[in-house]
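# From the sequence below, what's the structure:
(one chain, ligands or ions: 1)
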Amino acid sequence: MTTASIVDNFPALRQSIGDKSLVYLDSAATTQKPQSVIDAVTRYYEHDNANIHRGVHTLSQRATQSYENARKNIASLLGANRPEEVIFVRGATEAINMIAQAWARPRLVEGDEILITEMEHHSNIVPWQIVCEQTGAILKVAPVLDDGSLDIEAYKSLLSEDTVLVSIAHVSNAIGTINPVQELCAFAKEAGATTVVDGAQACGHLQVNFQEIDCDFYAVSGHKMFGPTGIGCLLGKYEVLQEMEPWQGGGDMILSVSFEETTWNDVPFKFEAGTPNIAGAIGLGAAVQFIEGIGYETMVSHEQELLAYGRGVLENIEGVTLVGASEHNAGVLSFTVEGVHPHDVGTILDHAGVAIRTGNHCAEPLMRRFGLSATCRASLSVYNTTEDLDRLGLAVQEAIRILG
Ligand code: PMP
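The predicted structure follows:
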């Protein structure tokens, strides 16, 4: 597939907003879905709809096979050691909450420390605050430098024998910084900490290899990698998952139940209580195949070209300031426009058919770090083009002309 023909796979991109063709620059919030993903979900409901793991009938067997094939596809794309290391969850948020409640809560004691960074999404802050409240553990935060990269020296100095768990974003959703997670996890491990990587923003852009990063847990968001909403994964090292207690109780996560004693099913089923999002998992499996059809190499080079082009477009507009535009960036253009509130910029851009995100991007502490309450964020994906970025530039100039 060439980058020019990739856009043809996305039906939602073939529409107009008023009389302007749509330019979609909000992929960090959610990516558009290729036809193959939409078809996989439809096919499941049209032909194979049945509950999984329980039925002996044909439909149930087909549904189970598609669901388990999706698990295998994800394990292979993301470099898990085995499919059992992939647990289906609602998304990265649920993955992190599961680690906080099922792994951390039973293990943390008063005075233990959890280390995160200043660039985390609220999903990688609040679950740790809750578990700190429950256990008396302390939340530590590694600072971000002016260019939007992590202060690695400060991060290292915050690691100590009290650090029980480290949880860091692979890619920041608000400014796009790519963190050197393999290196950061190695430092954390030297200090004896268990490691979590929030990969919500990474898997739709970069080649992720769970074994190479060598973290204990890796959180994945399906809807940010061309999959459906309401599906994601928690990747966990098999030995760590075996030791972890279940989070939710219910059907499918048990081997046997009696009023006297209940025993748990094997990993990963121990963590998949109840009927899961079967269609979502199958759709995510199709998204993995879509990514493999393009290849991460093509995606990375296309998005990096667009990022450089987009930075050029915005830097040439007087009154526009890029925020946290570090060198290693996965395709996020976060910016402010002098004298114009980001929400007003977003509204004018929408009238021009250009969809961006404005606000604090669920990263309030990072906004505060830059002395801001909000930014405008244009986020790229493989279906974007330089024309999209020209349209962004023209629309920002229009916003300045009207409101600046
Ligand atoms: N972490 C980051 C960095 C994110 O960008 C997001 C989603 N905006 C999440 C976590 C939460 O992901 P999900 O929507 O899959 O729950």
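# Look up phi and psi at the closest residue to the ligand within the stretch 1-150 of the chain.
Closest to the ligand within the stretch 1-150 of the chain is residue 91: 2.6 Å, counting by C-beta to the nearest ligand atom. Every C-beta, even on glycine, is put in place using the N, C-alpha and C of the backbone. Backbone torsions for residue 91, taken as degrees, to the nearest 10, come to phi 170, psi -170.
# For the spatially closest residue to it that is not a sequence neighbour, list each beta-bridge partner.
With C-beta to C-beta, 6 or more residues apart in numbering as the criterion, residue 91 has its nearest non-adjacent residue at 3.8 Å, and that residue is residue 232. In this entry, residue 232 is beta-bridged to residue 89, residue 221, by DSSP bridges.
# Just give the number of residues close to residue 232.
30 (other C-beta atoms under 10 Å).
# ok, now residue 52?
Neighbour tally, residue 52, other C-beta under 10 Å: 21.
# swap in residue 306?
Using other C-beta under 10 Å, residue 306 has 21 neighbouring residues.
# For it, which residues are in contact?
331, 380, 384, 385, 386, 389 (C-beta atoms under 8 Å, 6 or more residues apart in numbering).
# and it, what pLDDT?
The per-residue pLDDT reported for residue 306 equals 98.
# Now do the SS call for it.
Following DSSP: H, G, I helix; E, B strand; the rest coil, residue 306 is assigned to helix.
# Who are the contact partners of the residue of the stretch 201-350 of the chain found nearest the ligand?
Here the stretch 201-350 of the chain gets closest to the ligand at one residue, residue 221, 3.1 Å apart by C-beta to the nearest ligand atom. Contacts of residue 221 were listed using C-beta under 8 Å, 6+ apart, and they are 91, 92, 199, 200, 201, 203, 232.
# how many other residues sit next to residue 337?
Using other C-beta under 10 Å, residue 337 is surrounded by 24 other residues.
# Check the one 4 residues further on too.
Residues contacting residue 341 under the criterion other C-beta under 10 Å number 15.
# which residues touch the nearest residue to it once chain neighbours are set aside?
Nearest-residue entry for residue 341: residue 374, 7.4 Å, with adjacent residues in sequence omitted and distances by C-beta to C-beta, 6+ apart. Counting by C-beta under 8 Å, 6+ apart, residue 374 makes contact with 341, 342, 343, 358, 359, 360, 367.
# I'd say the fourth one and residue 377 touch.
Yes. Shown here, residue 358 and residue 377 form a contact pair, counting by C-beta atoms under 8 Å, at 7.1 Å.
# Spell out which parts of the chain neighbour the ligand.
91-93, 121, 123-124, 169, 173, 198, 200-201, 221, 232, 362 (C-beta under 6 Å from any ligand atom).
# if we go to 5 Å?
Within the chain, the positions adjacent to the ligand are 91, 92, 93, 121, 123, 169, 173, 198, 200, 201, 221, 232 by C-beta under 5 Å from any ligand atom.
# my guess is residue 218 contacts residue 211, does it?
No. Counting by C-beta under 8 Å, residue 218 does not reach residue 211; the two are 10.3 Å apart.
# Between those two, point out the one with more neighbours.
Ranked by neighbour count (other C-beta under 10 Å), residue 218 and residue 211 place residue 218 first, with 31 against 13.
# wait, is the more buried one part of a strand?
Yes. Judged by three-state DSSP, residue 218 forms part of a strand.
# Please state the backbone phi and psi of the most centrally placed residue in the chain?
Using C-alpha atoms, centre = their mean, the residue of the chain that lies closest to the mean C-alpha position is residue 200, 1.1 Å off. Main-chain dihedrals, residue 200, degrees, to the nearest 10: phi -50, psi -40.
# One more: residue 181?
The phi/psi pair for residue 181 (degrees, to the nearest 10) is phi -70, psi -30.
# count of neighbours near it?
24.
# what about it, distance to the ligand?
12 Å (C-beta to the nearest ligand atom, to the nearest Å).
# Go ahead and confirm that residue touches residue 217.
No. Counting by C-beta under 8 Å, residue 217 is not a contact partner of residue 181; they are 11.9 Å apart.
# any common contacting residues for these two?
Between them, residue 181 and residue 217 share these contacting residues under C-beta under 8 Å, 6+ apart: residue 197.
# Which one of the residues in the stretch 301-404 of the chain is closest to the ligand?
Closest point on the stretch 301-404 of the chain to the ligand, by C-beta to the nearest ligand atom, is residue 362, at 5.9 Å.
# now the farthest one out in this structure, which residue is it?
Checked against the mean C-alpha position of the chain, the extreme residue using C-alpha atoms, centre = their mean is residue 260, at a distance of 40.7 Å.
# Which helix or which strand is home to that residue?
Following DSSP states H and E, there is no helix or strand that holds residue 260.
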